[in-house]
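Asker: Generate coordinates for the sequence data below:
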Amino acid sequence: MGKIKVERCDIEGLCVITPTVFKDDRGYFVETYNKNDFAEAGLNMEFVQDNQSKSSKGVLRGLHFQKEHPQGKLVRVLSGEVYDVAVDLRKDSKTYGKYFGVILSDENKKQFYIPEGFAHGFAVLSNEAVFAYKCTDFYHPNDEGGLKYDDPDIGIDWPIEGLKLIMSDKDTKWKGLKETFKF
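Answerer: Numbers count the residues shown, from 1 in each chain. Presented below is the predicted three-dimensional model:
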């Protein structure tokens, strides 16, 4: 039996993964990824790149996606706390345009798997956060896309009231879902 608990989300493909944490008087040990445990849970993705970022309270990154080379992502927080969001961009999906959000922190040690075909973003709720993620495809800078974080057509309920948002110039210029995808 694997050492992870997998919670399937309301949007097909999204999973919140909670690893087993082994604690004693020295601290803790946690296996954050084991190919066999993931395969046993039906998660057979192959990762090709690991990324890490550090951000201050109020930083909002996203909502990002890759157009021609979509990336699946296994995300987690090494220190601090974030509100992490995935938006379904699969045009034939019954949940197209819907989102799912989850609190990820160094305390809860939860991970969030976001398959290809989703936009992704997060807001830092703690004083700072170190965020790590594994990707199923390489990053292609000229393939980058994004959505407006506060698009009313998506309606993300970000827990950011009272936070002074810090965003990249690029992230402030993304358009909404309907303007970005015209089917």
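Asker: Do a quick rundown of the strands in this protein.
Answerer: Per DSSP state E, the chain carries strands over the ranges 4-8, 15-19, 21-24, 27-30, 49-56, 60-66, 73-79, 81-88, 99-105, 111-114, 118-124, 128-135, 144-146.
Asker: In stretch 170-178, which residues are buried?
Answerer: 171, 174, 177 (16 or more other Cβ atoms under 10 Å). For every residue, glycine as well, the C-beta is placed using N, CA and C.
Asker: Please apply the same query to stretch 151-171.
Answerer: Neighbour-count burial for stretch 151-171 flags 151, 154, 156, 158, 160, 167, 171 (criterion: 16+ other Cβ under 10 Å).
Asker: what's the answer for stretch 56-67, then?
Answerer: Within stretch 56-67, the residues scored as buried using 16+ other Cβ under 10 Å are 57-66.
Asker: mind putting the strands of the chain in JSON lines, distance to E40 included?
Answerer: Converted to JSON lines, the strands of the chain look like this (distance: least, Cβ to Cβ, whole Å):
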{"stretch": "strand 4-8", "distance to E40": "9"}
{"stretch": "strand 15-19", "distance to E40": "12"}
{"stretch": "strand 21-24", "distance to E40": "19"}
{"stretch": "strand 27-30", "distance to E40": "17"}
{"stretch": "strand 49-56", "distance to E40": "22"}
{"stretch": "strand 60-66", "distance to E40": "28"}
{"stretch": "strand 73-79", "distance to E40": "16"}
{"stretch": "strand 81-88", "distance to E40": "23"}
{"stretch": "strand 99-105", "distance to E40": "22"}
{"stretch": "strand 111-114", "distance to E40": "14"}
{"stretch": "strand 118-124", "distance to E40": "24"}
{"stretch": "strand 128-135", "distance to E40": "18"}
{"stretch": "strand 144-146", "distance to E40": "34"}
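Asker: would you turn those into TSV with mean pLDDT and distance to A39?
Answerer: Output for the strands of the chain, formatted as TSV (pLDDT from 0 to 100; distance: least, Cβ to Cβ, whole Å):
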stretch	mean pLDDT	distance to A39
strand 4-8	96	11
strand 15-19	97	13
strand 21-24	94	21
strand 27-30	94	19
strand 49-56	98	19
strand 60-66	97	25
strand 73-79	98	14
strand 81-88	98	22
strand 99-105	98	23
strand 111-114	98	13
strand 118-124	98	21
strand 128-135	98	15
strand 144-146	97	30
